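Asker: sequence first, predicted model second:
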Amino acid sequence: MKVNSDAAGNLKTKLTLQHNPTTAEILKFAIPSLLGVLLFLIPVTYNGKATIVIGIMADAIKGVAGAYLAQFMVGVLCLSALFSLVCKLLRPNFSEGTSWFKALFDVSWLWVSLRVIGAVFGVLTLFSLGPEFIHSDYTGGTILYELIPVLAVWFLLAALFMPLLMEFGLMDFIGTLVRKVMQPMFRLPGRSSIDALASWMGSGTVGVLITMKQYEQGYYTQREAAVIATNFSIASIAFSFVIINFMGLGHLFVPFYLTVILTGVITAMIIPRIPPLSRKKDVYYGPVGKQIDEVVPHGQSSWSWGLEKAVEKAKNVKSTGDLVKKSILNVLDIWFGLIPLVMALGTVALVIAEYTPMFTWLSYPFIPLLTLLQIPEATAAAPAMIVGFADMFLPAVIGSGIESELTRFVIACISLTQLIYMSEIGILLLRSKIPVNFMDLVIIFIQRTLISLPIIALVAHLLL
């Protein structure tokens, strides 16, 4: 009887693995996934610049509503602070009975305080009230008028359309195909390649957002999620083009971006293998557990197994309405939960960068290193090596006035390979369920800078 039972089990497994999806099942996976690829992953040229379809949509929204986005988001900041205080102080019955309201606003006192600070900074900046160092063009003004409108629109579109990438099997399909590359090189599942592509083609913050959701759904371990979020969320091609032109090196865009990619790949191979990332646990998010299997069964091709897993994932989508509802709640969570932190912490970081010598002091150890690497104007360039921790655009601001073309090239590349920017990605990670803390981010930022700098310097000397 035992032999027969084992044989029956093997036969059942064999039949399961050889299941041929129907045309309807394949289309349910393929059509939404291809639409997601078109929106997020295919580069297009629009108005003379490289972007993606989501980027075109974002620009269109900013073109129509750009004059009112800052005012609208200050309203969001104030509502976030008000509702959080109401939940915390009055404990109203309706918040207890409304799970989404409770999830959005019933947060710890730390986050309530930051939401209140964000609202105060937003109001002061919008109406140019209070100390100038809060609302100046280089501090609160940069956050409110330059960063927050971009993040608000990008997160709106990303949250609404991300299910096309995540819920219909695309990540399962691609993950199975490229696992043999991603696993030995980066110790990551194949599906992480989608996070990287979404960052490169669209926005680093979108890549982090995808990683966060995949971790919460049980597709990445703590270590994998931390590695992906801190090593693959590179700035988009479009923003890279802005940086290199701001530095007056637009004619070097192709070697510049190839240098960024080369450096990013090498760095992403090294940093996951050293602390603090190497010490993160390979355990899945507790409430859901492991939900991933990219190992191809014996006797099946990667293509057929990937297709089968993708179809199986797409079958789980029972209602478009549920996806839309979940997407809208994701948008509200980002607007009411993340944007206030960007306003609060981003403004503080820029105030420190602009009005105190802290980053200059911290940059002193880089002067001998830059001198050793034969980087001209090392003393002027050193602050650019550290100020990117506050915001990704600050190194370019510092470096644009440097005379040496080689030094400006190095600074432009470094500004994109450091990745840990507290004004956006850093705050997003600290608020997420991914187990990284502030000191982790500081250490990883320094590691990325120290590993990237010699590589970029070598390429710069060979080119220039």
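Answerer: Sure, I can see it.

Asker: for Phe253, what are its contacts?
Answerer: The contact partners of Phe253, by CB atoms under 8 Å, 6 or more residues apart in numbering, come to Ser240, Phe241, Ile244, Asn245. In short, each C-beta sits where N, CA and C put it, glycine included.

Asker: check which helix or strand covers Val37.
Answerer: helix 23-40 (DSSP states H and E).

Asker: now do the buried residues in that helix.
Answerer: Within helix 23-40, the residues that qualify as buried are Glu25, Ile26, Lys28, Phe29, Ala30, Pro32, Ser33, Leu35, Gly36, Val37, Leu39, Phe40, counting by 16 or more other CB atoms under 10 Å.

Asker: cool, stretch 298-308 as well?
Answerer: Ser302, Ser304, Trp305, Gly306, Leu307, Glu308.

Asker: and stretch 245-253, C-alpha only, in PDB?
Answerer: Below are the C-alpha coordinates for stretch 245-253, written out as PDB (Å, rounded to 0.1, in the frame of the first residue of the first chain):
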ATOM      1  CA  ASN A 245      23.400  68.300 -17.600                       C
ATOM      2  CA  PHE A 246      23.300  70.300 -14.400                       C
ATOM      3  CA  MET A 247      27.000  69.500 -14.000                       C
ATOM      4  CA  GLY A 248      27.700  70.700 -17.500                       C
ATOM      5  CA  LEU A 249      28.700  67.300 -18.800                       C
ATOM      6  CA  GLY A 250      25.800  66.400 -21.000                       C
ATOM      7  CA  HIS A 251      28.100  65.300 -23.800                       C
ATOM      8  CA  LEU A 252      29.400  62.500 -21.500                       C
ATOM      9  CA  PHE A 253      26.000  61.000 -20.700                       C
END
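
Asker: ok, and for that stretch, which residues are buried?
Answerer: Residues Phe246, Met247, Leu249, Leu252, Phe253 are the ones in stretch 245-253 that count as buried (16+ other CB under 10 Å).

Asker: just confirm the last one is within a helix.
Answerer: Yes - per DSSP: H, G, I helix; E, B strand; the rest coil, Phe253 lies within a helix segment.

Asker: export the buried residues of stretch 245-253 as a markdown table, with columns for pLDDT and distance to His298.
Answerer: Output for the buried residues of stretch 245-253, formatted as a markdown table (pLDDT from 0 to 100; distance: CB to CB, whole Å):
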| residue | pLDDT | distance to His298 |
| --- | --- | --- |
| Phe246 | 81 | 53 |
| Met247 | 88 | 53 |
| Leu249 | 89 | 52 |
| Leu252 | 88 | 49 |
| Phe253 | 85 | 46 |
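
Asker: out of those residues, flag the one nearest to Ser80.
Answerer: Ser80 lies nearest to Phe246 out of the buried residues of stretch 245-253, by CB to CB, at 32.3 Å.

Asker: any figure for the gap between the residue nearest to the closest one when sequence neighbours are not counted and Val410?
Answerer: The spatially closest residue to Phe246, leaving aside those adjacent along the chain, is Ala396, at 5.1 Å (CB to CB, 6 or more residues apart in numbering). Going from Ala396 to Val410 by CB to CB, to the nearest Å gives 12 Å.

Asker: neighbour-wise, which of these two wins?
Answerer: More crowded of Ala396 and Val410, by other CB atoms under 10 Å: Val410, with 30 against 22.

Asker: does that one touch Leu463 like I think?
Answerer: No - at 10.7 Å, Val410 does not count as touching Leu463 under the criterion of CB atoms under 8 Å.

Asker: returning to that earlier point: quickly check the contacts of Phe253 for the two that are furthest apart.
Answerer: Using CB to CB, the contacts of Phe253 span at most 9.7 Å, a distance reached by Ser240 and Asn245.

Asker: any idea how many residues pack against the closest residue to Asp293 other than its chain neighbours?
Answerer: Computed as CB to CB, 6+ apart, the closest residue to Asp293 that is not its neighbour in sequence is Lys309, at 7.2 Å. Neighbour count of Lys309, defined by other CB under 10 Å: 21.

Asker: can you check Leu458 too?
Answerer: Neighbours of Leu458 using other CB under 10 Å come to 13.

Asker: so how far is Tyr219 from it?
Answerer: 37 Å.

Asker: I'd say Phe232 and Thr267 touch.
Answerer: No - Phe232 is beyond contact range of Thr267, at 10.4 Å (criterion: CB under 8 Å).

Asker: between the two, tell me which one has more neighbours.
Answerer: Legend: neighbour count by other CB under 10 Å for Phe232 and Thr267, higher for Phe232 (27 against 21).

Asker: OK, contacts around the more buried one?
Answerer: By CB under 8 Å, 6+ apart, the contact set of Phe232 is Ser192, Asp195, Ala196, Ser199, Gly207, Thr211, Gly264, Ala268.

Asker: on the pLDDT front, check the fourth one for me.
Answerer: In this prediction, Ser199 carries a pLDDT score of 70.
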